[in-house]
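Peer 1: what's the 3D shape of this:
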Amino acid sequence: MYLRNAWYVAAWDRDLGRDLTAVKILDEEIVLYRRLDGTPVALENSCPHRRLPLSMGRLKGDHVECGYHGLTFDCTGACVRVPGADRIPSGARVRSYPVEPRYGLLWIWMGEADKADPAKIFRIEHWGDPAWGGNQGESMMLDCHYLHMTDNLLDPTHVAWVHPNSFGNAACEAEPLEMTVSESGVTVWRWMRDVEIAPFYAPFVGFTGNCDRKQHYEVRYPCLALSKAIFVPAGMGGEGRALPANAFVMDSYSLLTPVDESQTKYFWLQLRNVAPDDAEVSERFAASVRAAFEEDRVVLKAVHRGMAKNPGRNLLRADAGGLRFRRQLERLIAQESGTAAAAE
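Peer 2: This is a model prediction of the structure:
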């Protein structure tokens, strides 16, 4: 079950051209392409005649021609040509999906088209801010259910064991978490005081000695996340305190797109308040982040397999954020599908 009246990432804007590109989102087959004027299009990837994927056909101008019998569809999904027929059958159409380009990404609305409001696309703060640097986003396929990844993103403690040579260190093991719940999602956070700087961040932090570090992990419904890392000199951190001029801040955006029950497409990008024009720093960030996320991929694949055979138990305090997120998302899905009473 998925929340359908929501924006999901379909692809990186830079990756879509005039080729017919097949993707699978929320267990639905979709074909993406660009019109001659560059506008992105998303259609149901299935000809209504014999269900050949339209991605196996060809583009004719702005229209898609099925590769089996030549039925041709426009950008709205309406059939505009049936070779050899005097009229077009009323059932000869495919679904079209609203698509919006933003932040270098193509966002797709998977629910009722008349509810697709671009203002509801997840906001990426500091995008285009010349004072902030950024590394070009990437993506990978995770062999796990998307909620295993939201669990992971709402559990800052895991970095001590999964990423001990990058995002984590011993300081991340036991500090208690705070949790905030809102209509839009769940946030877990904590300040760790007078601790060593974790290996990933050490080359970029503009001060020496120990630090106060904040981990802020925020996941919005249905599965879009902001992870904020803040480092300040020891003794200068804490809620409600202004950040000093030499504070290091990294915003990491994790944008999850469920493919089906066992796969998730993971898109990400990072923004930082240092070295805004340094391409070498951006390349180092990108390489280190991908290496760390590869560690997550290995763990989550094994978790998915293990939980499918024998579901684990919520035994740790660190499980609270993910559990709360799942319960509220389940309620939202039930409300959307009209099964809210049954879910209660």
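Peer 1: Where do the strands of the stretch 51-200 of the chain begin and end?
Peer 2: Secondary structure of the stretch 51-200 of the chain by DSSP state E, counting those that start in this stretch: the strands cover 58-60, 63-65, 72-73, 79-81, 99-102, 105-109, 133-142, 178-181, 185-195.
Peer 1: Dump these to TSV, plus mean pLDDT.
Peer 2: Formatted as TSV, these follow (pLDDT from 0 to 100):
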stretch	mean pLDDT
strand 58-60	97
strand 63-65	98
strand 72-73	98
strand 79-81	96
strand 99-102	98
strand 105-109	98
strand 133-142	93
strand 178-181	96
strand 185-195	96
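Peer 1: and residue 333, which of those strands is closest to it?
Peer 2: Relative to residue 333, the nearest member of these by Cβ to Cβ is strand 185-195, separated by 14.3 Å. C-betas here are computed from N, CA, C, even on glycine.
Peer 1: if we can go back for a sec, export the strands of the stretch 51-200 of the chain to CSV and append columns for distance to residue 286 and mean neighbour count.
Peer 2: Formatted as CSV, the strands of the stretch 51-200 of the chain follow (distance: least, Cβ to Cβ, whole Å; neighbours: other Cβ atoms under 10 Å):
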stretch, distance to residue 286, mean neighbour count
strand 58-60, 33, 14
strand 63-65, 35, 22
strand 72-73, 38, 24
strand 79-81, 43, 18
strand 99-102, 21, 16
strand 105-109, 16, 24
strand 133-142, 4, 18
strand 178-181, 30, 13
strand 185-195, 25, 20
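Peer 1: Tabulate the ones you listed (TSV), appending distance to residue 93.
Peer 2: Shown next, in TSV, are the strands of the stretch 51-200 of the chain (distance: least, Cβ to Cβ, whole Å):
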stretch	distance to residue 93
strand 58-60	17
strand 63-65	12
strand 72-73	7
strand 79-81	6
strand 99-102	18
strand 105-109	18
strand 133-142	31
strand 178-181	42
strand 185-195	36
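Peer 1: and of these, who's closest to residue 164?
Peer 2: strand 185-195 (13.9 Å).
Peer 1: how far does that closest one sit from the chain's center?
Peer 2: Once both centres are worked out by Cα atoms, centre = their mean, to the nearest Å, strand 185-195 turns out to sit 21 Å from its chain's centre.
Peer 1: quick one: which of the strands of the stretch 51-200 of the chain is nearest residue 87?
Peer 2: Among the strands of the stretch 51-200 of the chain, the nearest to residue 87 by Cβ to Cβ is strand 79-81 (10.5 Å).
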